[in-house]
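Engineer: Predicted model follows, preceded by the sequence.
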Amino acid sequence: MHWIERQWYRPRWWLTALLAPLEGLFALLAAARRFAYRRGWLRAERLDAPVVVVGNINVGGVGKTPLTLALLRDLQQGGVKAGVISRGYGGSHRQPTLVRPDSSPEEVGDEPLLLAAGGAPVVVGRDRVAAGRHLLALNPDVQLLLTDDGLQHYRLSRDLEIVVLDGARGGGNGRLLPAGPLREPWSRLGSVDAVVVNGGDAAGLALPAGPRRFAMRLRPAPLQRLDAPDETRAAADFSGLRLAAMAGIGHPQRFFDTLAGLGLRPELCLAWPDHHQFEAADLPAGMDAVIVTSKDAVKLRRVIHDAAQRARLWVLPVQAELEPDLSAWILDRLKIKHGR
């Protein structure tokens, strides 16, 4: 774990004091920007479809992408056509870009490729307003737009704000960047529409009373072979093999803990930075199998060409389960008719 992340979740008083001036500057700039939008000095722009922001108030992986995938699945089952706009972190795109199945993660980012695999239209763009307009121009029948991240992108007017929290880590030491993990004060949760708690115990998070609360659990599916996704195995099938695990996500330890919960004990657990651009040399040698996340798999498929190496790679998909039904709540709040 990087030293700054250790400070966020296991703070040392002297480092908190050292970072306090930078935290104060960040807080001032962030508050001034929010105030400018509230007063109308900076103008938020509305799109021609309802916008639901799926975001977080802290840095690091909290489960936004699995949640967005689950919403897309549930909305599709309810007969509602939804699209996704995303910043596309890690991509080289300059203008709003439609994500296609054969798009390069180097161009559009890894998470948008994973979202597009679900069949919904996905457009990436640094300017989410322009990305949303581009998506609606290409898909005028879209009834609802989800934004993967974007809570702090106030230029995009939104109809609902949903914040995802890591139930185990919460807001860390409760301080703003760089002294803590928060992009906005914890009190910001009082103004959002819903809070989704991913795992852990929501009772210990001191959540405000206003937002609707939802519980999320990430349920692992059978492992899939990277070069033949129709070939699946249960965790027990890896008993006796030399295993390694790799993750280039916001919170790799959650992935490693999931493997442990399945009874898998990799000899190596390799944590890479979020959105890491994998190379063939990153694969550990001497292992019978290497288990990776779905997000990392979209990049590894493009860089691992050796057949023997590809055969060692196995993907652990996870599916988000929500209680109560978040998609139905969204549609009811937005008064969108659905087939449920």
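Structural biologist: Arrived safely, thanks for sending. Bear in mind the structure is a predicted one, so any value in this text is a computation, not a measurement. Residues are numbered from 1 along each chain as shown.

Engineer: Please identify the buried residues of whichever helix in the chain runs longest?
Structural biologist: In the chain, taking DSSP state H as the definition, the longest helix is helix 13-39. Neighbour counts using 16 or more other C-beta atoms under 10 Å place 19, 23, 26, 27, 30, 34 of helix 13-39 among the buried residues. C-beta here means a position set from N, CA and C on the backbone, and glycine is covered the same way.

Engineer: Check the contact between the last one and residue 154; I expect there is one.
Structural biologist: Yes: Residue 34 sits in contact with residue 154 when judged by C-beta atoms under 8 Å, with a separation of 6.7 Å.

Engineer: Tell me which stretches of the stretch 51-200 of the chain form strands.
Structural biologist: Along the stretch 51-200 of the chain, counting by DSSP state E, counting those that start in this stretch, strands occupy 51-55, 82-86, 97-98, 122-124, 144-148, 160-166, 194-198.

Engineer: For this structure, name the helix or strand with the lowest mean pLDDT.
Structural biologist: The helix or strand of the chain with the poorest confidence is helix 3-9; it has a mean of 88 (mean pLDDT, DSSP states H and E).

Engineer: Any buried residues in it, and which?
Structural biologist: Buried, per 16+ other C-beta under 10 Å, within helix 3-9: 7, 8, 9.

Engineer: Out of these, the closest to residue 315 would be?
Structural biologist: Of all these, residue 9 has the smallest distance to residue 315: 28.2 Å, by C-beta to C-beta.

Engineer: okay, the residue lying closest to the closest one once chain neighbours are set aside: pLDDT?
Structural biologist: With sequence-adjacent residues excluded and distances taken as C-beta to C-beta, 6 or more residues apart in numbering, residue 9 is closest to residue 172, at 4.8 Å. Listed pLDDT for residue 172 reads 93.

Engineer: now for the least confident helix or strand of the chain, which elements pack on it?
Structural biologist: helix 13-39 (3 or more C-beta pairs under 8 Å, 6 or more residues apart in numbering; DSSP states H and E).

Engineer: could you say what helices and strands the helix it packs on packs with?
Structural biologist: helix 3-9.

Engineer: quick one: contacts of the helix it packs on?
Structural biologist: Helix 3-9 has contacts (C-beta atoms under 8 Å, 6 or more residues apart in numbering) with 15, 16, 19, 60, 169, 172, 173, 175, 178, 179, 180, 181.

Engineer: want to throw those into CSV with distance to residue 221?
Structural biologist: Listed next are these as CSV, based on distance: C-beta to C-beta, whole Å:
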residue, distance to residue 221
15, 40
16, 41
19, 40
60, 24
169, 24
172, 30
173, 34
175, 37
178, 37
179, 38
180, 34
181, 29
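
Engineer: Give me the pLDDT for the residue nearest to residue 271 when sequence neighbours are not counted.
Structural biologist: Residue nearest to residue 271 in three dimensions, not counting chain neighbours: residue 252, with 3.8 Å by C-beta to C-beta, 6+ apart. You'll see residue 252 listed with a pLDDT of 93.

Engineer: What of residue 36?
Structural biologist: Looking at residue 36, its pLDDT is 97.

Engineer: try residue 340
Structural biologist: With respect to pLDDT, residue 340 scores 54.

Engineer: Tell me where the stretch 201-340 of the chain has strands.
Structural biologist: 212-220, 223-225, 228-233, 243-247, 268-271, 289-293, 313-316, 318-323.

Engineer: Can I get the least confident helix or strand of the chain in CSV? Just the C-alpha atoms.
Structural biologist: C-alpha atoms of helix 3-9 as CSV (Å, rounded to 0.1, in the frame of the first residue of the first chain):
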residue,chain,number,x,y,z
TRP,A,3,2.4,5.6,2.0
ILE,A,4,-0.3,8.2,1.4
GLU,A,5,-3.0,5.6,1.3
ARG,A,6,-1.7,4.2,4.6
GLN,A,7,-2.1,7.7,6.0
TRP,A,8,-5.7,7.9,4.8
TYR,A,9,-6.8,4.7,6.6
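
Engineer: Can you give the distance from it to the centre of its chain?
Structural biologist: On the basis of C-alpha atoms, centre = their mean, to the nearest Å, helix 3-9 sits 20 Å off its chain's mean C-alpha point.

Engineer: picking that back up, and of the buried residues of helix 13-39, the nearest to residue 221?
Structural biologist: residue 30 (38.2 Å).

Engineer: Once you drop chain neighbours, what's closest to the closest one?
Structural biologist: residue 184 (6.4 Å).

Engineer: State the distance from residue 139 to residue 81.
Structural biologist: 8 Å (C-beta to C-beta, to the nearest Å).

Engineer: Show me which of the two is the more surrounded one.
Structural biologist: For residue 139 versus residue 81, neighbours defined as other C-beta atoms under 10 Å are more numerous around residue 139 (17 against 14).

Engineer: which residues sit in contact with the closest residue to that one other than its chain neighbours?
Structural biologist: Spatial nearest neighbour of residue 139, chain neighbours left out: residue 121 (4.8 Å); criterion: C-beta to C-beta, 6+ apart. Listed by C-beta under 8 Å, 6+ apart, the contact partners of residue 121 are 83, 84, 98, 135, 138, 139, 142.

Engineer: still on that earlier bit, I'd like to know which of the contacts of helix 3-9 is nearest to residue 287.
Structural biologist: residue 60 (27.3 Å).
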